[in-house]
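Chemist: Next input, structure requested:
(3 chains)
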Amino acid sequence: MSNLMWLAIILAVLLGGAYVFRMVGQAATGNAPKFRDMGYGEAFGYVLGGALLVWAVYYYFQPQVAETGVPNAGVVFFRWAVQGFIIAAIAAFLFRLLGRTVGTAGSKKLFRSMPLTAAFGILVILIYTFVAIFAGAIAPYGQAEILGAANVMAGGDPALGGNPEYPLGTDQIGRDILSRLIYGAQNTVGIAFITTCLAFFIGGTLGFLASTLQGWLDQLLSRSVDVLMAIPSLIFALLLMTIASVWSVKLGIPLTIFMVLIIAVIDSTRVYRLARAVGLNIVVMDYIEAAKLRGEGLGYLVFKEILPNAMAPLLAEFGLRFCFVFLTIAALSFLGVGIQPPLADWGTMVRDLAPFINFAAFAPTAAVTPLLAAGAIALLTVAVNFVVDWMLHKTSGLKE
Amino acid sequence: MRSILKIVLQRLGLGLVTLFVVSIVIFVAVNSLPGDFAEAILGQGATPESVATIRRDLGLDQPLVVRYFDWLKGMLTFDLGTSFAQLNFANFGGAGSVTVAEQIAPRLSNTMFLATVTACIAVPLAVFLGILAALYRNTAFDKAANMFTLSSISSPEFFMAYVLILFLAVLNPVFPSLSNIFEGMPFGERLEKSMLPALTLTLVVTAHMMRMTRAAIINLLASPYIEMARLKGLSPMRVIVKHALPNALAPIINVVALNLAYLITGVVVVEVVFVYPGIGQLFVDSVKIRDIPVVQACCLIFAAAYILLNLTADILSIVSNPRLRHPK
Amino acid sequence: MSNLLTIKGLKIEGRSDETWNPIINGVDLTLKKGEVLGLIGESGAGKSTIGLAAMGYTRDGVRISEGTVEFDGIDLVKASAAVKRGLLGKRIAYVAQSAAASFNPAHKLMDQHTEGPVQHGVDSRAASTEDGIELYRKLRLPNPDQIGFRYPHQVSGGQLQRAMTAMAMSCRPDLIIFDEPTTALDVTTQIEVLASIREIVEEFDTAAIYITHDLAVVAQMADNIKVLLRGDEVEEADTRTMLSDPKEDYTKSLWAVREFQRPAKPAVPEGSVPVVSVRGITAAYGKTDVLHDVSFDIHAGRTVAVVGESGSGKSTAARCITGLLPPRMGEIAFDGEVLPADYRKRTKDQLRQAQMIYQMADTALNPRKTIGQIIGRPVQFYGGLTGAKRRKRVNELLDQIELEPSQYYNRLPSELSGGQKQRIGIARALAAEPKFIICDEVTSALDQLVAEGILRLLADLQDNLGLSYMFITHDLATVKSIADEVVVMKEGKVIEQGEKTDMFTPPHHAYTDLLLSSVPEMDPDWLTNLLEERGVDNIGDAAVDKM
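Modeler: Numbers count the residues shown, from 1 in each chain, chains lettered A, B, ... in the order given. Now for the predicted structure:
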């Protein structure tokens, strides 16, 4: 009850503060339009934002270890988050600066109009690509290599059950977590990338074919896609994976290959929809009519007239689709039916390492490992989304 | 009114047809298993006699079409057959075996409860924040909200779930991290135990819903009739309430229904994380042990819910369109 | 008498590419009570921006950077939002270009009409409703008692525009801003709206700013005219002086557009075979016929203008000729030889002979291809020329359309102006070396000066290459300047056809007559005279309905 009362008091103070803030602002600036036309809600927003900022600074400087000797995990995590955010922002800023000074005139121009979020996204994607390609060279151990000690804590501090040889510790059967994280980039990202390419190949080809030819082919494909899309994709994937798991044993083909095919087919329905819609928008253009009336063939129409104009939306969609596929694969692996061991994979790692979270109150570093794997997934999708967001904003012009 | 009724009936019919076709797809997919159920159930220790017995009992010796309609009939009467998992333990077909329907029913109601709690938090929050972001677009608030929602959409559900567990269960024990709810549990306790999964889902769904609401409202605010309302000297409040909202209703309803449909996918992962005894977890468990009748039934239920919500979105946006409501 | 509205040194900026760029560079304007000022200029002149700024309003991404807008002693630039709200709708009202988009689809017309008076406390809802019906009657809306209780989408465009004028009048404002209120309307509808607006503005002695790009329209409406060019004032004078004695070169050039006229060609010799012969075609979209038994001939070296309002079927006729829409009945003959109805069944040479130029040059050119590729493709496709030969031919074509080849060959369409794009469209058609070209509203998306350049180019090409044109347009001024023969269409039927000289001299068919008489002329007394001559009930749609 006292909690609620505190909440009410804080709210009342903020509401009063907003009123005072606006009044003082009006008096101090001699009734400048900014304060004169400010709504009460807007003033409240400013005050609330200010209060949150003050609280954040206060909390940041709380001691990391409480007087009883127990680490104050909340503060530790908060500091990590703030520091991580600041480092990310600085890295993105420096990267953008680099892009603005080095490179061709075209790339410089691109970087000049780029928001920080997009620069951050590109930087992250580049790093992931690098790690994925050179995983074998970077990782200190093999991904399936079982080392001496199991359940070594992260942090490398022997006093807390760590080992400097394994900076992020080892898992339940003694594999190096850092190495598995690095290999995870190769496996999880690589497989997601291949799947997305496949989905685009299938969905894109059929979509453009349908929009150009129209008629019965379009009807047939579109209705089939409607039906496939009426089943939630993760559910459908799980159903098909159940069946595939039986086939995979019988045929001796790795389940992962089935997974790539299944997700590619399910996802190609979404690509089909977009490719068809984009295609239809282009097909009604007069220049397509002009080309048709000229007597041009189907190949010329699709490859020379339609495709070049569909590249921008398709590229953005590729980013979004990749995120979706990536998340689906991660979810399947997390549920235990995706990428199969001994391949290192982030989704599986999260599931295996999850129990460590419960130690967070005593050793903040212990909770890091499962969150690192999950965070690695989140970071990449966030990065791709930032870039796509920027691309969409750019191609849609300055509508807002 | 005649024409709108016709459109709605058409959509309803279309939804039914889609559901029918989806059921065929699911049935065919399941029946593409190598060998048949009987072998799958008995595994390697199958003798030809035992396989034949089970085959006859399950009606597997019937042609595919007959079996499909039997299954469909069962689905419609909620007689979903017997779970394989139960078959292994109980004396097959005898007393004590639990039918799929008995297994699914309580799970389904648990999931419905979770979805309802989520919707109750997420929908008002998302619509409110979405409208706010649209009204104060391109301000610091909007940009922060954009970054936050984009991040939360991009993150896998289990990441959000563990972050919440870390902060709200481990570091500050506000809510329990395990949602071991059971039948007959008092409402308050049930709500408390469902809180973390509900909040996780809320985070994900709110982000989607808020972004879509924002886009819909911005799109709307750019329309000439809003400019006209401003140029008539109406107060900002009246412009929003009287001129923007009636037209925003259709897109917002659409957004809400679409995102509730999205919940269906999210619920699977989240239930597994929190060990919430819902239909999503049952589904995943059944997938792992290849309990085909349960998988099949769950799949159809998910698909039906998904189709129904999309259909609702469709119909509501038709009904709330003044052009269709007042035909020429 | 003091001024109602005084704008001084108004500068407005718009945001694009992260910087503020000037849109209006210091415009002055004064308006007395009851006076009507016409703002005229081509697209991008900043007319609408000034119109809105006169209400103290700017759109998103636009701001007033300098100057004052003083309305009845109140500076709207500095005034608070609350003060401005008190004036907008009550003392200053706005009539938008597209009434269909500017009425809220969720509310009935009358509810939107009474909203202003009720919210501003001018009038009660009941009294305002009664007044609304009275205004509808004054504006000669059909069914004035009931029309207000319909939803916007249930009312036609011309009627909505009048309902919007009534809404602007609901508080009896001192000033109304009309922002291109008739641009989206057909001529026969436009004239009705013009007449009603003028009448009601006079009756209530309301001051108005009338924004348009159409000189003839503004001549009917305004007391004074101000000409704008790219955010600068060119000149201002009272309407009669401005029309009879424009001072600036730019203004004179605007006036001159209407004077381009081709000399009449000799009559077609008896018995010659027409290049294109449309024989009794009936065509349908789905199950409804949109063309009914349409026939006309186009002879070598001549231009046939197909005229009609929107929905008259003129573009459909073109689609039948090109084979995109095979007619249900009838046939198309080319040089006396009947063509397959579907373009896919026509030979390459048959396709080559008939080319098309489109209305929107933006959508007619593939934005991802250079000019060289766009024009080069038909050269290669039909002529089989490649490499240097192809390049040479493309250069010739660019010369023909008066664009410097070395400068334009590698450009993309987005790097060209509207008029230049339209020229590329012409070059692409010429590249096929056709006998016959369909020009579909080729000048209607262009500013008048540019349009005139295109018309002259087409005329020269016809003289030099002996081309035949089918010229689809709704603009009778264009018909007068370029056509040899005219086909008038209405609701999918040919109403009248013949030599241009015959068509423009009475007597003609009643509809042709109405169409011709509805086109505003550059005479300030034109509307007044027309109304006197025919009476208010015999103009526009009212007259069409009587037919």
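Chemist: low-confidence ranges in the chain?
Modeler: Just going to use chain A. Counting by pLDDT under 70, the ranges of chain A that qualify are A:1, A:69, A:150-151, A:154-162, A:395-400.
Chemist: sorry, should have said chain C
Modeler: C:1, C:17-18, C:256-259, C:507, C:536-547.
Chemist: May I see the domains of it written out as residue ranges?
Modeler: Following automatic domain parsing, chain C resolves into domains at C:5-256, C:301-312+C:345-505.
Chemist: Report whether stretch C:95-110 contacts chain B.
Modeler: Yes - Stretch C:95-110 is in contact with chain B by CB under 8 Å from any CB of the partner chain, via C:Ala96, C:Ser98, C:Ala101, C:Ser102, C:Phe103, C:Asn104, C:Pro105, C:Ala106, C:His107. The C-beta positions use only the backbone N, C-alpha and C, and glycine is treated the same way.
Chemist: same check, this time on stretch A:272-283
Modeler: No - using CB under 8 Å from any CB, stretch A:272-283 stays clear of chain B, with a minimum separation of 13.7 Å.
Chemist: Can you point out the buried residues in that stretch?
Modeler: Of the residues in stretch A:272-283, those with enough neighbours to count as buried (16 or more other CB atoms under 10 Å in any protein chain shown) are A:Tyr272, A:Arg273, A:Leu274, A:Ala275, A:Arg276, A:Val278, A:Gly279, A:Leu280, A:Ile282, A:Val283.
Chemist: can you put the domains of chain C in TSV and add mean neighbour count?
Modeler: Converted to TSV, the domains of chain C look like this (neighbours: other CB atoms under 10 Å in any protein chain shown):
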stretch	mean neighbour count
domain C:5-256	20
domain C:301-312+C:345-505	19
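Chemist: In CSV, list the C-alpha atoms belonging to stretch C:362-370.
Modeler: The C-alpha trace of stretch C:362-370 is given here as CSV (Å, rounded to 0.1, in the frame of the first residue of the first chain):
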residue,chain,number,x,y,z
ASP,C,362,7.2,10.7,-65.0
THR,C,363,5.6,7.4,-65.3
ALA,C,364,6.3,7.0,-69.0
LEU,C,365,10.0,6.8,-68.7
ASN,C,366,11.8,4.1,-66.8
PRO,C,367,13.5,6.0,-64.0
ARG,C,368,16.5,3.6,-63.9
LYS,C,369,17.4,4.0,-67.5
THR,C,370,19.5,6.7,-69.2
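Chemist: now it, how far from the centre of its chain.
Modeler: Put simply, stretch C:362-370 sits 23 Å off its chain's centre (CA atoms, centre = their mean, to the nearest Å).
Chemist: what's next to it, contact-wise?
Modeler: A:285-287, A:290, A:305, A:308-309, C:357-358, C:374, C:409-414, C:418, C:421, C:424-425, C:428 (CB atoms under 8 Å, 6 or more residues apart in numbering or on different chains).
Chemist: same thing with stretch C:317-332?
Modeler: A:289, A:292-293, C:276-285, C:289, C:291, C:293-295, C:306, C:316, C:338-346, C:354, C:356, C:438, C:440, C:470, C:472, C:489.
Chemist: ok so, going back, which among the buried residues of stretch A:272-283 gets closest to chain B?
Modeler: Using CB to the nearest CB, A:Arg273 is the member of the buried residues of stretch A:272-283 that sits closest to chain B, with 13.7 Å.
Chemist: host element of the residue lying closest to the closest one once chain neighbours are set aside?
Modeler: Nearest residue to A:Arg273 in three dimensions, chain neighbours excluded: A:Val225, at 6.5 Å (CB to CB, 6 or more residues apart in numbering or on different chains). Taking DSSP states H and E as the criterion, A:Val225 maps to helix A:215-229.
Chemist: about what we covered before: next step: the contacts of stretch C:362-370 restricted to strands.
Modeler: Members of the contacts of stretch C:362-370 lying in strands (criterion: DSSP state E): C:Ile357.
Chemist: What residue spans form the domains of chain B?
Modeler: B:1-98+B:289-328, B:108-278.
Chemist: Now do the contacts for residue 309.
Modeler: All of this refers to chain A. If you count contacts by CB under 8 Å, 6+ apart, then A:Asn309 has A:Ile282, C:Asn366, C:Pro367, C:Arg368 around it.
Chemist: Wait, chain C was what I had in mind.
Modeler: C:Glu309 neighbours (CB under 8 Å, 6+ apart): C:Asp186, C:Val187, C:Thr188, C:His474, C:Lys490, C:Leu515.
Chemist: Among those, which one lies nearest to chain A?
Modeler: C:His474 (18.3 Å).
Chemist: What is the three-state secondary structure of the closest residue to the closest one other than its chain neighbours?
Modeler: Computed as CB to CB, 6+ apart, the closest residue to C:His474 that is not its neighbour in sequence is C:Glu309, at 6.1 Å. For C:Glu309, the assignment made with DSSP: H, G, I helix; E, B strand; the rest coil gives coil.
Chemist: Look up how far A:Ala137 lies from C:Glu309.
Modeler: Taking CB to CB, to the nearest Å as the measure, C:Glu309 falls 73 Å from A:Ala137.
Chemist: what's the answer for B:Ser320, then?
Modeler: Counting by CB to CB, the gap from B:Ser320 to A:Ala137 is 59 Å.
Chemist: These two: which has the busier surroundings?
Modeler: Taking neighbours as other CB atoms under 10 Å in any protein chain shown, B:Ser320 and A:Ala137 compare with B:Ser320 leading, 19 against 7.
Chemist: ok, now how distant is the more buried one from B:Ile253?
Modeler: For B:Ser320 relative to B:Ile253 (CB to CB), the value is 6 Å.
Chemist: and if you look at C:Ala283?
Modeler: Counting by CB to CB - C:Ala283 and B:Ile253 are separated by 41 Å.
Chemist: so can I have CSV of the domains of chain C showing distance to A:Gln26?
Modeler: Putting these into CSV (distance: least, CB to CB, whole Å) gives the following:
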stretch, distance to A:Gln26
domain C:5-256, 11
domain C:301-312+C:345-505, 48
